[in-house]
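Student: model this:
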Amino acid sequence: MAEKNGINRRDFLKIGGITASVFGAASIFEVVKQGGGVAADDAGGFYIRSHDPDDPPYAVDDAVYDRKSGGDTSFIRNPDKLLTRNENTRKNLESGEVGDDWLAYAYAAGAATFMFDQDMYSWDRQATNPSRMPEGRWIPEEHGYTVEDVSKIVKRSAKLYGASLVGIAPLDERWFYKDYGDISPAAMFGGSSPPEGKTPPQEMDPAQVQEMLPEMLGDMEPEALKEMLMGVMEQVDPAVLPDGINPDMLTNMPAAMLQQMLPRMMENMDPAMMSALMENMDPSMMPDRPAMMDGAMDIGTMDFSAIIQGRLRDIRFSDEIDAPVIEDDGTKIIPRSMNRVVVMAFEMDEGSINTGGNIHVVSQLGEAAAMNGYSRMAFTSACLANFIHRLGYNAIPMGNDHSLSIPMAVDAGLGELGRHGLLITTKYGPRVRLAKVLTDLPLLTDRPISFGVTEFCAVCGKCAEQCPGSAISNGGRTYEASVTGIPGLYSWPVDGDKCFGYWAEVGGSCYNCIRVCPFNKPEGWLHEATRILIGVQSGPLNQLLLKLDDAAGYGSESGDDPRDFWDKDTYIHIKA
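Tutor: Numbers count the residues shown, from 1 in each chain. You can find the predicted model right below:
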């Protein structure tokens, strides 16, 4: 890039020298006075401030805050938008445009190899213990290691397995969902996808399902129907059964009579009952898939909330157990002795994000960067959990499904919360994905940090300006939040439904907020100076740095041309 927006690199160097000479000494003095320190090169070179865990760089109103429901996440709330997105993705592929062509889709698919492998996040791996491993627990002190040594070993191992950044936080139950949900075909169909040509339940209007169930179930053999219904009885609270019907009555009722009662049972069916029925149905009984994508059915008007809410299962904590438990109804119980969270950040390829984040081209090249992050999350967290298991300790690998990753990452000292609702790290900015391993292995926790993100985001607002879905607030911080946000956390509101709605509209993922963020920048004098000067936490200085970022051509609507992607080896630079 020889020149952008009329200012060449030589002029920038002059500006950079003047800026550094004017503000450098004052910046250093102010940071030292406030107890800051220079971050190591592998932490981005910022001036950082270390916080006491009791005084983190965020505020929570405990009178307002409540553990969120996993059913409030955009993906769980909006399976209809997911279907629309998938259909529009297919249309993008058919267009053959560069960045959305066969080659790009194969590239993204390869990156997603481990993304959907839920076995990687299994809670049951602690049961595996090869005979060659000693029994019991490995006690660090008996082998000449301290807790500090073990903490370093765990971080070193996480990086070997694929993490880019690693921190350790104390368990904070506030950041766990109070329940979790699953709308995957595997969950809907008891571990298998529906037969080809059949309609998955998540693509059906609950009212339509309720209307069709009597006929669908009425075609079953009476004994098979009774056996299935008795299985349903074991999964639901008797309180959700229709008035006048109870498990004992169904048990003693002849199968043929039970079949005749179906229409009454279907009236005003409770969502939990409907959900349990569909879980127990033979997938081959589902109706043929309608030509819904060709306009025969308006999936945008469907209400899936009844089915989804019926699939939520509790997440609880207990002092009475010493290992994680999954109860028969799906409730997950975590022992409070598992009081350490190893939080890992995974860099997403800068070139892919910058190409895929173009406001005019939502391409699979950017998708590949995120998919690669998700695959590495699954692989690395599984490896680290297995390592800890082999030492005789409990460990639960987690992606995004059971807890809020960003507050945990802040507590682990990996970065700060940005206006766009993403973690901003010192080394990679917001260009990361996050995974965790919850464990009872004794570990030292890291301290939260701040390095000027909050103050800079207050005057920047590029992510809000360049958000095509208008999902990011350009106003001030508040304790209020959208349904997908976190009420009680003092932050800039982000509307996840609007964000995901735009994804559905364009048939792909959008990374504009990451791409335009001034913290997501290549190495160079401007951004090296920014890393130093931003620590001053001065509004006027932040405005100057923002203008320099604009003058350099960063943060504009136009991303990198996807036609140039394959010719630039500099794009392949993921590093640990």
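Student: so which strand or helix has residue 381?
Tutor: Counting by DSSP states H and E, the element that carries residue 381 is helix 364-390.
Student: wait, I meant residue 443
Tutor: Using DSSP H and E, residue 443 sits within no helix or strand.
Student: that one contacts residue 341, correct?
Tutor: No - counting by CB atoms under 8 Å, residue 443 stays clear of residue 341, with 9.3 Å between them. C-beta: built from backbone N, CA, C; applies to glycine.
Student: could you point out which element follows the helix holding residue 381?
Tutor: Next along from helix 364-390, by DSSP H and E: strand 395-398.
Student: residues in contact with the following helix or strand past that next one?
Tutor: Per DSSP H and E, strand 395-398 leads on to helix 405-411 as the next helix or strand towards the C-terminus. Helix 405-411 has contacts (CB atoms under 8 Å, 6 or more residues apart in numbering) with 53, 56-58, 167, 169-170, 172, 174-175, 341, 343, 345, 415-417, 421-423, 434-436, 445, 448, 489.
Student: hang on, the earlier thing: helices or strands up against the helix holding residue 381?
Tutor: helix 102-111, helix 147-161, strand 340-347, helix 350-356, strand 395-398, strand 432-439 (3 or more CB pairs under 8 Å, 6 or more residues apart in numbering; DSSP states H and E).
Student: mean confidence for it?
Tutor: Mean per-residue pLDDT for helix 364-390: 93.
Student: got the buried residues for that helix?
Tutor: For helix 364-390, burial by neighbour count (16 or more other CB atoms under 10 Å) applies to 364-390.
Student: and what of stretch 54-63?
Tutor: With the criterion 16+ other CB under 10 Å, stretch 54-63 contains buried residues 56-58, 60.
Student: how about these, which pair is most distant?
Tutor: By the measure CB to CB, 57 and 60 form the most distant pair in those, at 11.7 Å.
Student: what residues go with each domain of the protein?
Tutor: With domains defined by automatic domain parsing, the chain comprises 34-181+313-518+555-571, 185-309.
Student: most packed of those?
Tutor: Highest mean neighbour count of the domains of the chain: domain 34-181+313-518+555-571, a mean of 19 (counted as mean count of other CB atoms under 10 Å).
Student: span of stretch 490-503 from start to end?
Tutor: Stretch 490-503 has an end-to-end distance of 27 Å (CA to CA, to the nearest Å).
Student: ok, and what's touching it?
Tutor: Taking CB under 8 Å, 6+ apart as the rule, stretch 490-503 contacts 58-61, 73-75, 77-78, 81, 85, 417, 419-421, 457, 467-473, 475-485, 509-510.
Student: dihedrals phi and psi, residue 101?
Tutor: Main-chain torsions, residue 101, degrees, to the nearest 10: phi -90, psi -180.
Student: that one touches residue 92, doesn't it?
Tutor: No - under the contact definition of CB under 8 Å, residue 101 does not touch residue 92, with a separation of 9.1 Å.
Student: residues in contact with the nearest residue to residue 438 once chain neighbours are set aside?
Tutor: Nearest residue to residue 438, sequence neighbours excluded (CB to CB, 6 or more residues apart in numbering): residue 396, at 4.5 Å. Residues counted as contacts of residue 396 (CB under 8 Å, 6+ apart) are 123, 324, 334, 338, 385, 437-439.
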